[in-house]
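S.K.: heads up, no residue letters with this:
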């Protein structure tokens with residue numbers, strides 16, 4: 001019984017100390033941070049270009065163009081599926097389509113949001129982003 005009172009007292013002291021610190025509590029949320037991406041001929045636009053490693057992001061990718069596009073997030077210079085953080089095939093992004101997918105960047109560094117359909121990347125359909 002005495003141990004229970006000591007525990008309760010300790011928790012009360014801890015609560016007072018934390019309250020006295022005066023700092024605002026950091027809001028905790030299990031919801032991913034939203035990233036809006038728009039694809040069109042021949043651009044990739046994103047609501048953010050810097051990301052934190054280990055944070056979950058909800059990518060909402062919309063094709064506003066007149067052509068189908070694919071959407072890949074990959075380290076610069078890579079085109080394959082092996083190193084991609086996210087890969088959405090062109091048949092999933094016809095004109096007017098929107099797709100949503102959560103991703104977590106596994107490592108800091110530079111990444112590109114690209115469309116590697118023939119001629120699209122070469123026409124400038126890429127956006128360099130950074131993960132810290």
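M.R.: Received the coordinates, thanks. Fair warning: this is a prediction, and the values are worked out from it, not measured in the lab. Numbering: from 1, shown residues only.

S.K.: switch to C-alpha atoms for all contacts and neighbour counts from now on
M.R.: Noted.

S.K.: residues in contact with residue 70?
M.R.: By Cα atoms under 8 Å, 6 or more residues apart in numbering, the contact set of residue 70 is 87-93, 114-117.

S.K.: wasn't residue 83 part of a helix?
M.R.: No - using DSSP: H, G, I helix; E, B strand; the rest coil, the assignment for residue 83 is coil, not a helix.

S.K.: which residue is the nearest non-sequential neighbour of it?
M.R.: residue 74 (6.2 Å; Cα to Cα, 6 or more residues apart in numbering).

S.K.: hey, which helix or strand in this structure has the poorest pLDDT?
M.R.: Least confident helix or strand of the chain, by mean pLDDT, DSSP states H and E, is helix 2-20 with a mean of 49.

S.K.: thought residue 36 was touching residue 49?
M.R.: No - in this structure residue 36 lies outside contact range of residue 49 using Cα atoms under 8 Å: 10.7 Å.

S.K.: how far away is residue 45 from residue 54?
M.R.: Residue 45 sits 22 Å away from residue 54, going by Cα to Cα, to the nearest Å.

S.K.: again, but for residue 110
M.R.: Residue 110 is 15 Å from residue 54, by Cα to Cα.

S.K.: go on, residue 128?
M.R.: Taking Cα to Cα, one finds residue 128 at 19 Å from residue 54.

S.K.: same thing with residue 130?
M.R.: Note on residue 130: its distance to residue 54, by Cα to Cα, is 13 Å.

S.K.: so for those two, which residue has more residues nearby?
M.R.: The neighbour comparison of residue 130 against residue 54 (other Cα atoms under 10 Å) goes to residue 130, with 17 against 14.

S.K.: assign that one to helix, strand or coil.
M.R.: Per three-state DSSP, the secondary structure class of residue 130 is strand.

S.K.: strands of this protein, residue ranges please.
M.R.: Secondary structure of the chain (DSSP state E): strands at 33-40, 43-46, 50-51, 56-63, 71-74, 86-88, 98-104, 109-114, 126-131.

S.K.: can you list those strands in TSV and add mean pLDDT?
M.R.: What follows is the strands of the chain, written out as TSV (pLDDT from 0 to 100):
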stretch	mean pLDDT
strand 33-40	97
strand 43-46	97
strand 50-51	98
strand 56-63	97
strand 71-74	94
strand 86-88	92
strand 98-104	95
strand 109-114	95
strand 126-131	96
